[in-house]
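Asker: With the sequence up front, the predicted model follows.
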Amino acid sequence: MAKNYFDRYIWLIDTINRHGHISFKEISYLWAHSPINKLGENYLAERTFHNHREAILDTFGIEIKCDRSLGYYIANREDMEEDGIRRWLLESLSMNNLLNESRDMRDRILFEEIPSSQRWLTAIVNAMRDNKTIEMTYQSFNRTEPATFEAHPWCLKLFKQRWYLLARSETYKEPRIYALDRIRAVNETKNALKIPKKFKADEFFSHYFGIYVNNCQPETIQLKVKARQVKYFISLPLHSSQREIESTNESTLFEYKLVPTFDFEQEVLSKGPWVEVLAPESFRDVIHADIKAMLEQYE
């Protein structure tokens, strides 16, 4: 796109979501007085508004419809609330607008910074929406020089304050993960984006914790969690497959169906002595070796 409308889409989604139902006249008035309106526009043109509606549907899958008596509303709000990713999106958008509307409170509202921010996010989202490939200059942490290549952006994933891109290039047969904070440049090409017809982002990552993926089969993993940590696991499950097997006053046994990748290994280690791996034995051995190596460093 010639202009970056990403912030405008965010503002429009959040405005309609917060009001439930709202007329176009009210939307236009709020836009004229919004801190997001950096050009100082006195109103929101109706044609621009409808273009934004179409772009929001294409980009986020959020459908904005009109009820003649009540005004505009988000038609698939219930579906979004059941969808973890889109629910996170709405919550993030609400916080984004709250911060922009409360500039005098910014020194009292602290949040974790995302290194990759929106610098490359917008360009990649636009290319995905336009069904075009990207020319990307990328430098991983283990290479001394960046490389430039054409890539097919399949999907984006946020994990531990970093954005990651799943994309396939001509160099590799399988798609690979690229961290947005390691990208040096992104340009949309005129070439058509190719994605397997059966590809679904949520299914691709369904058996993984984090962004590391491989061709291994998921395993049944059992974690014994001490009582003082149990409520944290219940309120924020480590993985969608988490289920409680048994519980006592001292601990609770949780079971997962996933591939024990490096990301999950690091997550388990971060829980310290409050979590113990019971199964499978192979993953228990990996955690044991990590703990032994750490102990040796302090002896």
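Answerer: Noted; the coordinates are in hand. Residues are numbered from 1 along each chain as shown.

Asker: Only C-alpha atoms from now on, for both contacts and neighbour counts.
Answerer: Fine.

Asker: does residue 241 sit in a helix or strand, and which one?
Answerer: Per DSSP states H and E: residue 241 is located in neither a helix nor a strand.

Asker: Helix or strand for the closest residue to it other than its chain neighbours, just tell me which one.
Answerer: For residue 241, the nearest residue in space outside its immediate sequence neighbours is residue 256; the separation is 5.3 Å by C-alpha to C-alpha, 6 or more residues apart in numbering. Residue 256 is part of strand 251-258, with elements assigned from DSSP H and E.

Asker: quick check: mean pLDDT across the next helix or strand after that strand?
Answerer: Proceeding N to C from strand 251-258, the next assigned helix or strand is helix 262-270, under DSSP H and E. Computed over helix 262-270, the mean pLDDT rounds to 96.

Asker: Off-centre distance for helix 262-270?
Answerer: Here the centre of helix 262-270 is set off from its chain's centre by 19 Å, with C-alpha atoms, centre = their mean, to the nearest Å.

Asker: how about it: buried residues?
Answerer: Across helix 262-270, burial judged by 16 or more other C-alpha atoms under 10 Å covers 264-265, 268-269.

Asker: Can you show me the helices along the stretch 1-150 of the chain?
Answerer: With DSSP state H, counting those that start in this stretch applied, the stretch 1-150 of the chain shows helices at 6-19, 24-32, 46-60, 77-82, 84-101, 121-130, listed in chain order.

Asker: Specify the stretch among those helices that is closest to residue 218.
Answerer: Nearest to residue 218 among those is helix 84-101 (21.5 Å), distances taken as C-alpha to C-alpha.

Asker: pLDDT below threshold where in the stretch 1-150 of the chain?
Answerer: Within the stretch 1-150 of the chain, the ranges that satisfy pLDDT under 70 run 1-4, 80-106, 109-118.

Asker: returning to what we had before: now, which of the buried residues of helix 262-270 sits nearest residue 34?
Answerer: Of all the buried residues of helix 262-270, the one sitting nearest residue 34 is residue 264; the distance, using C-alpha to C-alpha, is 42.0 Å.

Asker: How about the closest one, nearest residue that isn't a chain neighbour?
Answerer: Sequence neighbours aside, residue 209 is the residue nearest to residue 264 in space, at 5.6 Å (criterion: C-alpha to C-alpha, 6+ apart).

Asker: Just the pLDDT at that neighbour, thanks.
Answerer: 95.

Asker: Quick check: it is in a helix.
Answerer: No. Assessed with DSSP: H, G, I helix; E, B strand; the rest coil, residue 209 is coil; it does not lie in a helix.

Asker: burial of it, as a residue count?
Answerer: Neighbouring residues of residue 209 were enumerated by other C-alpha atoms under 10 Å; the total is 21.

Asker: Same check on residue 228?
Answerer: The local packing of residue 228 (other C-alpha under 10 Å) involves 11 other residues.

Asker: likewise residue 217?
Answerer: Taking other C-alpha under 10 Å as the neighbour definition, residue 217 ends up with a count of 10.

Asker: now do residue 122
Answerer: The burial count for residue 122: 15, using other C-alpha under 10 Å.

Asker: Fine, thanks again, bye for now.
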